[in-house]
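J.: Need a 3D model of the sequence below.
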Amino acid sequence: MADPTRSKALFSRLVEHAESVGASNTLSVDDFSCRYLVVDEIWIPLGESLMITKFSPLWNLFVEGFGNHDPGKGRYEGLRPRWDVIHPARAWAEKCTPRQESEADILSDVRTHLASIVMPQSAHFLGRGA
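T.: I've put the predicted structure just below:
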């Protein structure tokens, strides 16, 4: 049986996310940070669902596609992810069907969303905790 504490799955996924950010000429990996909690695999879906509900991250609600992989040949008829409309650079996304909505439309949704959420006031969340 494989030792789950030796898995590279989380590291690999973070590398993929860093590549998506790095591919964009509008973002810098240096502007991002990551916090994670290592749990038994059975708890991952629950933890992810709770985090999405609590923090309403843009990339899960309004700018889908950040974590997408190349769909592969013959499947590019799907819509280009919203992520790739506002942060173009991933070559595979350019092969997907263009969206009807513009970058300005998506950014308007983002501004509306950001104006509607209340961020937690925890000192730990803001990076000032012990």
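J.: next SSE after the helix or strand of the chain with the lowest mean pLDDT?
T.: Lowest by mean pLDDT, DSSP states H and E among the helices and strands of the chain is helix 58-61, with a mean of 83. The helix or strand immediately downstream of helix 58-61 is helix 82-86, counting by DSSP states H and E.
J.: helices and strands around that next one, which ones?
T.: The contact analysis (3 or more C-beta pairs under 8 Å, 6 or more residues apart in numbering; DSSP states H and E) places helix 82-86 against helix 91-94, helix 103-116. Every C-beta, even on glycine, is put in place using the N, C-alpha and C of the backbone.
J.: Of those helices, flag the one that's most buried.
T.: Of all the helices and strands packed on helix 82-86, helix 91-94 carries the top mean neighbour count, a mean of 14, counting by mean count of other C-beta atoms under 10 Å.
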